[in-house]
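Participant: model the structure of this input:
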Amino acid sequence: MADEDSNAWVFGLTFIFCGICTVMSMGVWSATHPHVPLTKGQEQCGDPPNIDLDGVAKMSDLMKLDVLTVVYTCPEGQQMAGPAKRTCGEEGKWMPGEEERTSCHVNE
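Facilitator: Next up is the predicted model:
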């Protein structure tokens, strides 16, 4: 009976190690950089065109990316020029295209 108990810790450590290896092999685990899967629009059309800004703002705060559409907003006190919404088309391009720029300008 003493031999069985003395080797139980080996089984316990092996079980914990295998559990940690399994969890870590599933992907990157990070609270500060969580994995966000791509939307269907990003898979088909790539990242949507960025918005031109006056001043400093985080792009992620100004774009709401849905399945096949992106909706732009401007920071408070700024006015938008250009399309506020783009859609991923069947041909794999964002419509309206990049030639129609979206920008935010300070109200004067």
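
Participant: going by C-alpha atoms from here, please, whenever you check contacts or count neighbours.
Facilitator: Noted.

Participant: and the gap between the closest residue to residue 101 other than its chain neighbours and residue 97?
Facilitator: Spatially, and ignoring its direct neighbours in sequence, residue 101 is nearest to residue 82 (5.9 Å; CA to CA, 6 or more residues apart in numbering). According to CA to CA, to the nearest Å, residue 82 and residue 97 sit 11 Å apart.

Participant: is it true that residue 52 touches residue 100?
Facilitator: No: using CA atoms under 8 Å, residue 52 and residue 100 do not qualify as a contacting pair, with a distance of 11.4 Å.

Participant: picking that back up, in contact with the residue nearest to residue 101, which residues?
Facilitator: Residues near residue 82 by CA atoms under 8 Å, 6 or more residues apart in numbering: 100, 101, 102, 103.

Participant: just send those back as a markdown table, with neighbour count and secondary structure too.
Facilitator: Shown next, in a markdown table, are these (neighbours: other CA atoms under 10 Å; DSSP: H, G, I helix; E, B strand; the rest coil):
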| residue | neighbour count | secondary structure |
| --- | --- | --- |
| 100 | 12 | coil |
| 101 | 15 | coil |
| 102 | 21 | coil |
| 103 | 20 | strand |
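
Participant: longest single helix anywhere in this structure?
Facilitator: Looking across the chain with DSSP state H, the single longest helix is helix 8-25.

Participant: chain center to it, what's the gap?
Facilitator: Taking CA atoms, centre = their mean, to the nearest Å, the mean C-alpha location of helix 8-25 is offset from the chain mean by 32 Å.

Participant: now that helix: buried residues?
Facilitator: Of all the residues in helix 8-25, not one is buried under the rule 16 or more other CA atoms under 10 Å.

Participant: which stretches of this protein have low pLDDT?
Facilitator: 1-5, 23-36, 54-62, 108 (pLDDT under 70).

Participant: could you pull out the helices for it?
Facilitator: Using DSSP H, helices in the chain cover 2-6, 8-25, 40-45, 59-62.

Participant: ok, residue 71 to residue 46 distance?
Facilitator: From residue 71 to residue 46 the distance is 15 Å (CA to CA).
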